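Colleague: Got a sequence here, can you model it:
(one chain, ligands or ions: 2)
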Amino acid sequence: MNEAVDQPILSARGLSHTYPNADGGLPALQGVSLDIPREAFVSVVGPSGCGKTTLLRLLAGLRRPTAGQVIFEGEPLVGPRRRIGFVFQEANLMPWRTVLENVTLPLELQGVPPHEMAARAADLIGLVGLQGFEDTFPHDLSGGMAQRVAIARALVHEPDILLLDEPFGALDALTRERLAFELLRIWEARTVTVVLVTHSITEAVLLADRVLVLSPRPGSVRLDLPIPLPRPRSLGLTYTREFGELAARVRGAIEIGP
Ligand SMILES: Nc1ncnc2c1ncn2[C@@H]1O[C@H](COP(=O)(O)OP(=O)(O)O)[C@@H](O)[C@H]1O
Ligand SMILES: [Mg+2]
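Modeller: Residues are numbered from 1 along each chain as shown. Ligands and ions are numbered 1, 2, ... in the order given. Here you go, the predicted structure:
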């Protein structure tokens, strides 16, 4: 048995975070421990304000915990890493750059030669279904298209793990559904590990191998539920009894009092 293969790609050990304030600090997360297996699709749900964004930023190395540790590939994580991609709730595209130029921006900052940048970006723009829109400016994109660009931009460094913070939160229901399945397809095509924060229980269960439910603030892991539904997944699954039971367990864990 090869230990490196079985080792979780990302782990949290006793992770706590308190934001400084005038009242002696606001505890956002308390004692979160979790393991993200390599190439897994893990959803994180929890009530608004429970610390989901804080958790994701700690897992990305964008913020340091006040206690505990994040372990990335067996080593303590002390800052952002190229191999950890991040997609925010807002696409945050550069309005004066085209779709192509937004996707290549991280490579440009890294000094990758132009022909290589263009080839990698074209490939990703195809993967997220935006071929033909390379020269379009963000102003002319729908919300769903902008979020596709953000996903392509996050994938441009070929990260081993992609962390997404409610990436579909601002989209209408149908676009949201379509993009959720696009994300599944990308996950399958790239064999990347995905951690998706979402407020939709259906989305969490439908996409993931595992759903983590956080308690109200300060967030801690209240439920870690394996989702043994067969793949490929389709919307029809949501009407099955098995799906209903899993979703009910997630909902139950969210709804029990603090
Ligand atoms: N930069 C910050 N400074 C101070 N408090 C913050 C900051 N970011 C988040 N918080 C607070 O921490 C708690 C958890 O926030 P957050 O992680 O954004 O929750 P969620 O993403 O689950 O809605 C909230 O009470 C929020 O107001
Ligand atoms: Mg949030």
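Colleague: Output the set of residues of the stretch 51-200 of the chain in proximity to ligand 1.
Modeller: 51, 52, 53, 54 (C-beta under 6 Å from any ligand atom). No exception for glycine: its C-beta is placed from N, CA and C like everyone else's.
Colleague: ok, and the closest non-adjacent residue to the third one?
Modeller: By that I understand residue 53. With C-beta to C-beta, 6 or more residues apart in numbering as the criterion, residue 53 has its nearest non-adjacent residue at 5.5 Å, and that residue is residue 165.
Colleague: Same question for the first one.
Modeller: If the residues on either side of it in the chain are set aside, residue 51 comes closest to residue 219, at 3.3 Å by C-beta to C-beta, 6+ apart.
Colleague: returning to that earlier point: kindly provide the distance from the residue nearest to residue 53 to ligand 2.
Modeller: In this view, residue 165 and ligand 2 are 6 Å apart by C-beta to the ion, to the nearest Å.
Colleague: same thing with residue 32?
Modeller: Residue 32 is 15 Å from ligand 2, by C-beta to the ion.
Colleague: Is any residue of the helix or strand containing that residue near ligand 1?
Modeller: With elements taken from DSSP states H and E, the one containing residue 32 is strand 26-36. Yes. In terms of C-beta under 6 Å from any ligand atom, part of strand 26-36 sits within range of ligand 1, namely 26, 28.
Colleague: In terms of secondary structure, what does that strand contact?
Modeller: strand 10-19, helix 52-59, strand 67-72, strand 221-226 (3 or more C-beta pairs under 8 Å, 6 or more residues apart in numbering; DSSP states H and E).
Colleague: What residues does residue 63 make contact with?
Modeller: 17, 54, 57 (C-beta atoms under 8 Å, 6 or more residues apart in numbering).
Colleague: Of all the helices and strands packed on strand 26-36, which one is nearest residue 173?
Modeller: Evaluated over the helices and strands packed on strand 26-36, closeness to residue 173 peaks at helix 52-59, with 20.7 Å, by C-beta to C-beta.
Colleague: Give me the helices and strands touching that closest one, please.
Modeller: Partner elements for helix 52-59 (3+ C-beta pairs under 8 Å, 6+ apart): strand 10-19, strand 26-36, strand 41-45, strand 161-165, strand 193-197.
Colleague: Reformat those strands as JSON lines; add mean neighbour count and mean pLDDT.
Modeller: Output for these, formatted as JSON lines (neighbours: other C-beta atoms under 10 Å; pLDDT from 0 to 100):
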{"stretch": "strand 10-19", "mean neighbour count": "20", "mean pLDDT": "98"}
{"stretch": "strand 26-36", "mean neighbour count": "19", "mean pLDDT": "97"}
{"stretch": "strand 41-45", "mean neighbour count": "26", "mean pLDDT": "98"}
{"stretch": "strand 161-165", "mean neighbour count": "24", "mean pLDDT": "97"}
{"stretch": "strand 193-197", "mean neighbour count": "25", "mean pLDDT": "98"}
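Colleague: all helices for the stretch 51-200 of the chain, in order.
Modeller: With DSSP state H, counting those that start in this stretch as the criterion, the stretch 51-200 of the chain has helices at 52-59, 99-110, 114-127, 143-155, 173-190.
Colleague: Now mean pLDDT and mean neighbour count too, for those helices, in JSON lines please.
Modeller: Shown next, in JSON lines, are those (pLDDT from 0 to 100; neighbours: other C-beta atoms under 10 Å):
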{"stretch": "helix 52-59", "mean pLDDT": "98", "mean neighbour count": "23"}
{"stretch": "helix 99-110", "mean pLDDT": "95", "mean neighbour count": "19"}
{"stretch": "helix 114-127", "mean pLDDT": "93", "mean neighbour count": "16"}
{"stretch": "helix 143-155", "mean pLDDT": "95", "mean neighbour count": "23"}
{"stretch": "helix 173-190", "mean pLDDT": "92", "mean neighbour count": "16"}
